[in-house]
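Chemist: sequence plus the predicted model coming up.
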Amino acid sequence: MPLVLNAATGDDGRRLDRILRKALPDSPLSLIHRLLRKGRILVDGKSAPADLRVHAGQVITVPLEDAGGKEINQKGQSGPVDLLAPLILFENADFLILNKPAGLAVHGPDSLDTLAQAYLAPKIPPSLSFRPGPLHRLDKPTSGVIVFSASLAGARRFSALLQSRRVCKGYLALVEGVIEKEGVWEDELIRDQGRQKTFTRQVSDTDKDLSPEGTKNARTRFKPLMVKPPYTLLQLELDTGRTHQIRAQAAAHGHPLAGDRKYGSRRSGDLLLHAWFLEVPAETPPENRGFPPAAGPRLPRRMEAPLPEKFRMRVKDIFGEHVY
């Protein structure tokens, strides 16, 4: 279970090792430097040297135990409740909705899933047939709203909503180039499992490593919010949920996400993609008749995640305005 630290305005421009000395006063300095040397301390998901200058809004991830079994201690932090609390957007008996930091993986060791399971473990009854977990995907570089199940009924409810395409997913993204009018991208996407990358069919339909599942339709609606060459801030809504859908479609249409080197960006800086909101219908869908509206798992109609400080600052630097 990792310790997740969010750099604030007062941390801007300071060295990583000095920030960690202040943030982890109860941990030996030798242990902090050993973790830095081994590359186990991450900034926005990447191993970082001790002398890295950290910027406000960046996410620092620290393993709570090193390979030798020595524990990291943060003053005032006693466990998963304290670690997860700043990320919680909504919680009830069936769902845990979080604002995922960019750079933190959803699955795997030292992930958001690890943290959420440790947080939920004492709150849910023991079960052989249910394990809490994320109910949809967000890429590691993406921040924003993500829903975890806290009960089997909640997992079934959200899965039914997804399958019937009743979940509206809204994103904010900084893309290269000028987009002046709203529109729709509709493509056939195909997954290259070897390179862990998604393409439009026209780009890679002869590649031998293509996904055996074939092509899948992807539909994304977009609307420009701010425009200043060479950038556009887009609001996007997904009508389908494909792996790397926004990143692949934006690149295929000549507007890769700024900083997204994997999909052809030549701009410096980290990609900025934020899962801004999720909306669900108020009524219980027909596919979920086992849960009457008054008794079934309840979700808020709209779940919204504030923008990370790094995203806000970049938008202000480029466009001279604040957003959301």
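Modeler: On my side now, so go ahead.
Chemist: pull the CA atoms of stretch 99-113 into PDB?
Modeler: The C-alpha trace of stretch 99-113 is given here as PDB (Å, rounded to 0.1, in the frame of the first residue of the first chain):
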ATOM      1  CA  ASN A  99     -10.600  11.300  -7.400                       C
ATOM      2  CA  LYS A 100      -7.700   9.300  -8.700                       C
ATOM      3  CA  PRO A 101      -4.400  11.200  -8.900                       C
ATOM      4  CA  ALA A 102      -2.500  11.200 -12.200                       C
ATOM      5  CA  GLY A 103       0.500   8.900 -12.100                       C
ATOM      6  CA  LEU A 104      -1.000   6.400  -9.700                       C
ATOM      7  CA  ALA A 105      -2.000   3.000 -11.300                       C
ATOM      8  CA  VAL A 106      -5.500   1.700 -10.700                       C
ATOM      9  CA  HIS A 107      -4.400  -2.000 -10.600                       C
ATOM     10  CA  GLY A 108      -1.300  -3.900  -9.400                       C
ATOM     11  CA  PRO A 109       1.000  -3.500  -6.400                       C
ATOM     12  CA  ASP A 110       1.200  -0.100  -4.700                       C
ATOM     13  CA  SER A 111      -2.000   0.900  -6.700                       C
ATOM     14  CA  LEU A 112      -5.200   2.700  -5.900                       C
ATOM     15  CA  ASP A 113      -6.900  -0.700  -5.800                       C
END
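Chemist: in this protein, which strand has the most residues?
Modeler: strand 216-228 (DSSP state E).
Chemist: just checking: what are the partner strands of the following helix or strand past it?
Modeler: Next in sequence after strand 216-228, counting helices and strands by DSSP states H and E, comes strand 231-238. Sheet pairing for strand 231-238, assigned by DSSP bridges, gives strand 168-176 (antiparallel), strand 216-228 (antiparallel).
Chemist: hmm, which helix or strand of the protein has the shakiest average pLDDT?
Modeler: helix 201-204 (a mean of 55; mean pLDDT, DSSP states H and E).
Chemist: buried residues, the longest strand of the chain. List them.
Modeler: Lys216, Ala218, Thr220, Phe222, Pro224, Met226 (16 or more other CB atoms under 10 Å). All C-beta atoms are positioned from the backbone trio N, CA, C, and that covers glycine.
Chemist: what of stretch 112-129?
Modeler: So for stretch 112-129, counting by 16+ other CB under 10 Å, buried means Leu112, Asp113, Thr114, Leu115, Ala116, Gln117, Tyr119, Leu120, Ile124.
Chemist: what bridges to the closest residue to Ala155 other than its chain neighbours?
Modeler: Nearest residue to Ala155 in three dimensions, chain neighbours excluded: Ser149, at 3.8 Å (CB to CB, 6 or more residues apart in numbering). Judged by DSSP bridges, the bridge partners of Ser149 are Phe95.
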